[in-house]
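Engineer: coords below, sequence missing:
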């Protein structure tokens, strides 16, 4: 199974709350560029799960519109979620949802990619970074990193 993990694009530094920080124009451009760069791979995605925060909703919307998909918002994808809770949810997800794309925040996206691959902090997840992982089961040290695309 394939799992795509994307960190939101560059966001404004301040807002009323962390949840309401929006993408900047630079952030929108970054996300669109990564989607364009990996269009053939992203065309495989069946389901998009995104954090409900504004910047991740906006990032997921760019991807969803480019590939004609809907977005499901998941509280589980906020940055404070323990990795174990996300791994449990992925393990229980029906295989028909895959290839699945997650759009979330640091430190969760970095912990997920590196935890699944057993790679410490070898794979950095900057804004708009997109990782593709392959595994039969979603558990620590059980996935292979197919590729990691950073913003151009």
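Structural biologist: Great, that's in hand. Nothing here was measured: the structure is a model prediction, and the numbers come from that model. Residues are numbered from 1 along each chain as shown.

Engineer: need the helices for this structure, in chain order.
Structural biologist: 25-37, 39-42, 54-67, 83-92, 108-117 (DSSP state H).

Engineer: and stretch 137-151, how far apart are its ends?
Structural biologist: Start-to-end span of stretch 137-151 (CA to CA, to the nearest Å) is 28 Å.

Engineer: now stretch 109-116, how far from the centre of its chain.
Structural biologist: For stretch 109-116, the separation from the chain centroid amounts to 11 Å (computed by CA atoms, centre = their mean, to the nearest Å).

Engineer: wait, I meant stretch 34-51
Structural biologist: With CA atoms, centre = their mean, you get 9 Å for stretch 34-51.

Engineer: begin at 59 from here
Structural biologist: Yep, numbering from 59; the last one is stretch 92-109 now.

Engineer: tell me the contacts of the nearest residue to residue 180 once chain neighbours are set aside?
Structural biologist: Excluding the flanking residues, the one nearest residue 180 by CB to CB, 6 or more residues apart in numbering is residue 172, at 6.4 Å. For the C-beta atoms, the positions are set from N, CA and C on the backbone; glycine is no exception. Residue 172 makes contact with 178, 179, 180, 181 under the criterion CB atoms under 8 Å, 6 or more residues apart in numbering.

Engineer: List just the nearest of these to residue 65.
Structural biologist: Using CB to CB, residue 181 comes nearest to residue 65 of these, at 11.4 Å.
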